[in-house]
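*Asks:* Fold the following, please.
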Amino acid sequence: MKFGIIRERKDPPDKRVVLSPTLCKSVLEKFPKAEIIVEPSPIRVFSDDEYTAHTIEVANKMEDCDVLLGVKEVPIEALLPNKKYFFFSHTIKKQPYNRDLLRAILEKNIELYDHEVITNQKGQRLVAFGRYAGIVGAYNGIRAYGLKFSLFELPKAEHLKDQAALITELKKVKLPNIKTLLTGRGRVGNGAREMLDAMQIKRVNVGEYLEETFNEPVYCQIDASEYNKRKDGVRGNKADFFANPEEYKSNFFRFAEVSDFYIAGHFYGDGAPYLYTREDTRHPDFKIKVVADVSCDIDGPVATTIKPSTIANPIYGYNPKTEQEIDYKDEVAIAVMAVDNLPAELPRDASDGFGEAFSTYVIPAFFNDDKDGILERARMTSKGKLTKRYKYLQDYVDGTEE
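*Replies:* Numbers count the residues shown, from 1 in each chain. Below you'll find the predicted structure:
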C-alpha cells in the first residue's frame, strides 16, 4: 500500500500535515508493506529536508500512490482521478460552498474518506484537531481581552513555536479579577482548560461562579446540561438533551449576567437552542465583553459571531444595538475572536497530535482488513456513487434539496 502525503493547496495556505517525518518512519517500521512518498511543499511546517533526513522519499509522484493524505479540501483541478483521498471535505453538513467539490469527487471516481467521520463503533471521533483549536482559541481570546481593554499585548500565536511557548507568554500577563466562562468538556473545551490551568486561574463550580465575587480571576467550565433546561420543567440530563434537543431551552443568560470573558468550546447539534440571541446581547444585564468562539458557527448559537475572523485579522467588534460589525475597541462593542482554522496557528503540535491518532487508528485498518470498520464508516464515496451511510447527501449533490 503506497501512501502519498499531498501538498496543501487551499488558500489561505495551511502548514499542517497528516504525518510528520518521525511518524512516517514509525509507520514504515510497523508496516513493512507500506510505502510513503511526500509531495514537495514550500509551506509545510516540516520541511522537505526533514522528511529526507528520515529517509522518506520526497517526489512529485502522487499519481503512483494508492492513498493520498491531506488536511484541507483539495482544489478540484488538483484532484487525481481513481484515487483514495483523506481530507476534511466540509460536505457532510451540505455546505453549499463545497457542493462542486463533492460532485467532482464522484465524477473522478475518487474514494473519499473524510477525517471528520473517522469514528469508532460508538460514533466517537478518533482523529481530530479539536484540542489544538481549544488551546489556540483560549490564547487568542486572552490576547483579545488584553487588546480590547489596552491591558497587555501578547504576540500572535502563529509567531510562536508550540503550546509551551504560548503558555510562557500567558504567564507574563496579569488578568484583572474577571470571570471567565468556558462551555464544552470535549477535546476543544478541555484544550482551552489546559491554558487556563497553565495560567493558574482558579477554577470554581457553577454555584460559586454565579453567586460569589472573587478578588482574583476565576473560571468555570460547563456543559450542555448546565446551560440548557427542559421546557416542561422536568429535570433533564446531558443524554436526554442530546437525544431530544428540541425539548430544551437555553439557561445561559444567568451566566451572561456575571461573565466578563466567554470561551465557546462546545459542540452544537441541530435542533438545540441557541446559547444567547442578539436580543439577549441588548439586555442591560448582559455582561460579556469578549468572546472567543472556537466553535465558530456563523449566525448560530453564539449570536455575536456574525462572520468568521482570520489569522491575519482575528478580532472584530459586534455592536448589540445595530447588530453590525464595528471596531472591537469601541466602548459598546463586544470583541469577538472567531478564527475558523485555529489549529493552523500551531501547525507543528497540531500535526503531531493528529498524526499520532491517524497512525494509531487508520493506518492499521489498511493492513488488518479493516476489522474494526474504521475505513468503512469513513468512506463517503465509492465507484462514482455515495456510500449507503452518506446517501442523505444525494439531494445536495443533485442540487434539489429544500
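*Asks:* C-alpha only now, for contacts and for neighbours.
*Replies:* OK.
*Asks:* what number of residues lie near the residue nearest to Glu57 when sequence neighbours are not counted?
*Replies:* Leaving out its chain neighbours, the residue that sits closest to Glu57 by CA to CA, 6 or more residues apart in numbering is Ile37, at 5.1 Å. By the criterion of other CA atoms under 10 Å, Ile37 has 22 neighbours.
*Asks:* Pairing partners for Ile37 in the sheet, please.
*Replies:* On the basis of DSSP bridges, Ile37 is bridged to Gly4, Glu57.
*Asks:* With His115 as the reference, measure out to it.
*Replies:* Using CA to CA, to the nearest Å, Ile37 is found at 20 Å from His115.
*Asks:* my hunch is that Trp271 is in a helix, does that hold up?
*Replies:* No Trp there; residue 271 is Gly. No - if the criterion is DSSP: H, G, I helix; E, B strand; the rest coil, then Gly271 is coil and not within a helix.
*Asks:* residue contacts, it?
*Replies:* Pro245, Glu246 (CA atoms under 8 Å, 6 or more residues apart in numbering).
*Asks:* go on, Gly353?
*Replies:* Gly353 sits in contact with Phe129, where contact means CA under 8 Å, 6+ apart.
*Asks:* Quick one: mean pLDDT for the host helix or strand of it?
*Replies:* Taking DSSP states H and E as the definition, Gly353 sits inside helix 347-361. Averaging pLDDT along helix 347-361 gives 96.
*Asks:* Which neighbouring elements make contact with the following helix or strand past it?
*Replies:* Per DSSP H and E, helix 347-361 leads on to helix 374-378 as the next helix or strand towards the C-terminus. Other elements packing on helix 374-378 under the criterion 3 or more CA pairs under 8 Å, 6 or more residues apart in numbering; DSSP states H and E are strand 111-114.
*Asks:* what packs against the strand it packs on?
*Replies:* Checked by 3+ CA pairs under 8 Å, 6+ apart, strand 111-114 has strand 84-87, helix 374-378, strand 381-382 packed alongside it.
*Asks:* Determine which stretch of these is the most buried.
*Replies:* strand 84-87 (a mean of 22; mean count of other CA atoms under 10 Å).
*Asks:* would a markdown table of the helices and strands packed on strand 111-114 with distance to Ile315 and mean pLDDT be doable?
*Replies:* Formatted as a markdown table, the helices and strands packed on strand 111-114 follow (distance: least, CA to CA, whole Å; pLDDT from 0 to 100):
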| stretch | distance to Ile315 | mean pLDDT |
| --- | --- | --- |
| strand 84-87 | 28 | 98 |
| helix 374-378 | 35 | 97 |
| strand 381-382 | 38 | 98 |
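*Asks:* Which helix runs longest in the protein?
*Replies:* helix 130-148 (DSSP state H).
*Asks:* Tabulate the CA atom coordinates of stretch 64-78 in CSV.
*Replies:* Extracted as CSV, the C-alpha positions of stretch 64-78 are listed here (Å, rounded to 0.1, in the frame of the first residue of the first chain):
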residue,chain,number,x,y,z
ASP,A,64,2.0,6.5,-8.3
CYS,A,65,0.3,6.3,-4.8
ASP,A,66,-2.9,4.4,-3.8
VAL,A,67,-4.0,6.6,-0.9
LEU,A,68,-3.5,10.4,-0.7
LEU,A,69,-3.4,12.1,2.6
GLY,A,70,-4.2,15.8,3.1
VAL,A,71,-5.7,18.1,5.7
LYS,A,72,-7.8,20.8,3.9
GLU,A,73,-10.0,20.5,0.9
VAL,A,74,-8.2,19.7,-2.4
PRO,A,75,-8.9,22.2,-5.2
ILE,A,76,-11.0,20.5,-7.9
GLU,A,77,-8.3,21.0,-10.6
ALA,A,78,-5.7,19.2,-8.4
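*Asks:* ok, and what's touching it?
*Replies:* 1-10, 14, 16-18, 37, 62, 83-90, 101, 104.
*Asks:* rewinding a little: Provide a list of residues in contact with the residue nearest to Glu57.
*Replies:* Lys2, Phe3, Gly4, Ile5, Ile56, Glu57, Val58, Ala59, Lys61, Met62, Cys65.
*Asks:* Give me the distance from stretch 383-401 to the chain's centre.
*Replies:* Taking CA atoms, centre = their mean, to the nearest Å, one finds stretch 383-401 lying 25 Å from the centre of the chain it belongs to.
*Asks:* repeat for stretch 380-390
*Replies:* 25 Å.
*Asks:* Restrict it to CA atoms and write it as PDB.
*Replies:* Only the C-alpha atoms of stretch 380-390 are listed here, as PDB (Å, rounded to 0.1, in the frame of the first residue of the first chain):
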ATOM      1  CA  MET A 380     -18.200   8.600   1.700                       C
ATOM      2  CA  THR A 381     -17.900   7.700  -2.000                       C
ATOM      3  CA  SER A 382     -17.100   4.600  -3.900                       C
ATOM      4  CA  LYS A 383     -17.300   3.700  -7.600                       C
ATOM      5  CA  GLY A 384     -18.700   7.100  -8.500                       C
ATOM      6  CA  LYS A 385     -21.500   7.000  -6.000                       C
ATOM      7  CA  LEU A 386     -22.200   8.000  -2.400                       C
ATOM      8  CA  THR A 387     -21.900   5.100   0.000                       C
ATOM      9  CA  LYS A 388     -25.000   3.900   1.900                       C
ATOM     10  CA  ARG A 389     -24.200   5.900   5.100                       C
ATOM     11  CA  TYR A 390     -23.900   9.100   3.100                       C
END
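*Asks:* Many thanks, have a good one.
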